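Student: Build the 3D model from these lines:
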Amino acid sequence: GRTGRRRLARGRGAAGTMSALPLFKIGMLAVRTVSKPVANNLKGYAKNHDRFRRLCAFTGQSWHVFVSKLNIRLLGHKIKQVKPLGEAEAVARGADFFGEFFIYSVSVTAMLLEVWRNDRSNDAKLRAKAQRQQMKEDRARQQLREVNDRIDALWEETSQIRTLLEELREKNEKAASRRWSWF
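Tutor: I've put the predicted structure just below:
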């Protein structure tokens, strides 16, 4: 019955399509899945290329110092010195950082593109609505002009009829006065 149809329609938008949130989540999962191998390739690239390995080591070491200091401060202790990581660990953490940063960047870009697409879609809907409203207003103005033209024509006809009635009344009075004038 009717309640069954309502239950089926709840997960759908106005046009009968699935709502945007589940599709967005599926899309973001796909983006993460596709960008994961790229992030893993960055880790392999760090092992084989000296310049990138040094960048990863510096980034990993800096990230380790930052996170360690933050944790120590949050625990309420004073920071004396943070023990540095070994080079292999620093390179691995730096490569992880760049990999996660890449995945995050791709996800944020995809999200921003979706927001932009929705804005464009909403703008198009608003323009179409404004255009329909303008067409309605134009039709209403045209109908008003036609009604005013008809009123003007009726006013002119009424004026002509009054003039004719006045002329007939005058002729009638003259004729009546001539008929009774010989008595």
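Student: Wait, a helix at Gly76?
Tutor: No: assignment of Gly76 by DSSP: H, G, I helix; E, B strand; the rest coil gives coil, placing it outside any helix.
Student: what about the residue nearest the centre of the chain, helix or strand, and which?
Tutor: Residue closest to the mean C-alpha point of the chain, counted by Cα atoms, centre = their mean, is Asp119 at 2.6 Å. Asp119 belongs to helix 87-181 when assigned by DSSP states H and E.
Student: Quick check: mean pLDDT of that helix?
Tutor: Per-residue pLDDT values across helix 87-181 average out to 89.
Student: repeat for stretch 60-80
Tutor: 89.
Student: Pull out the buried positions in that stretch.
Tutor: Gly60, Gln61, Trp63, His64, Val65, Ser68 (16 or more other Cβ atoms under 10 Å). Glycine gets a C-beta too; all of them are placed from N, C-alpha and C.
Student: ok, the first one - contacts?
Tutor: So the one you mean is Gly60. Going by Cβ atoms under 8 Å, 6 or more residues apart in numbering, Gly60 touches Leu85, Glu89, Ala90, Val91, Ala92, Arg93, Gly94, Ala95, Asp96, Phe97.
Student: next one: Lys47
Tutor: Arg53, Val91.
Student: switch to 7 Å and redo it
Tutor: Counting by Cβ atoms under 7 Å, 6 or more residues apart in numbering, Lys47 touches Arg53.
Student: Would you check the distance separating stretch 66-73 from the middle of the chain?
Tutor: 41 Å (Cα atoms, centre = their mean, to the nearest Å).
Student: what sits up against it?
Tutor: Ile79, Val82.
Student: Alpha carbons only: can I get it in PDB?
Tutor: What follows is stretch 66-73 as a C-alpha-only set of coordinates in PDB (Å, rounded to 0.1, in the frame of the first residue of the first chain):
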ATOM      1  CA  PHE A  66      56.400  17.800  16.400                       C
ATOM      2  CA  VAL A  67      54.100  14.900  17.500                       C
ATOM      3  CA  SER A  68      56.400  13.900  20.400                       C
ATOM      4  CA  LYS A  69      56.600  17.500  21.800                       C
ATOM      5  CA  LEU A  70      52.800  17.900  21.400                       C
ATOM      6  CA  ASN A  71      52.200  14.700  23.300                       C
ATOM      7  CA  ILE A  72      54.600  15.600  26.100                       C
ATOM      8  CA  ARG A  73      53.000  19.100  26.500                       C
END
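Student: tally of neighbours for Phe58?
Tutor: Neighbour count of Phe58, defined by other Cβ atoms under 10 Å: 13.
Student: I appreciate the help and will end here.
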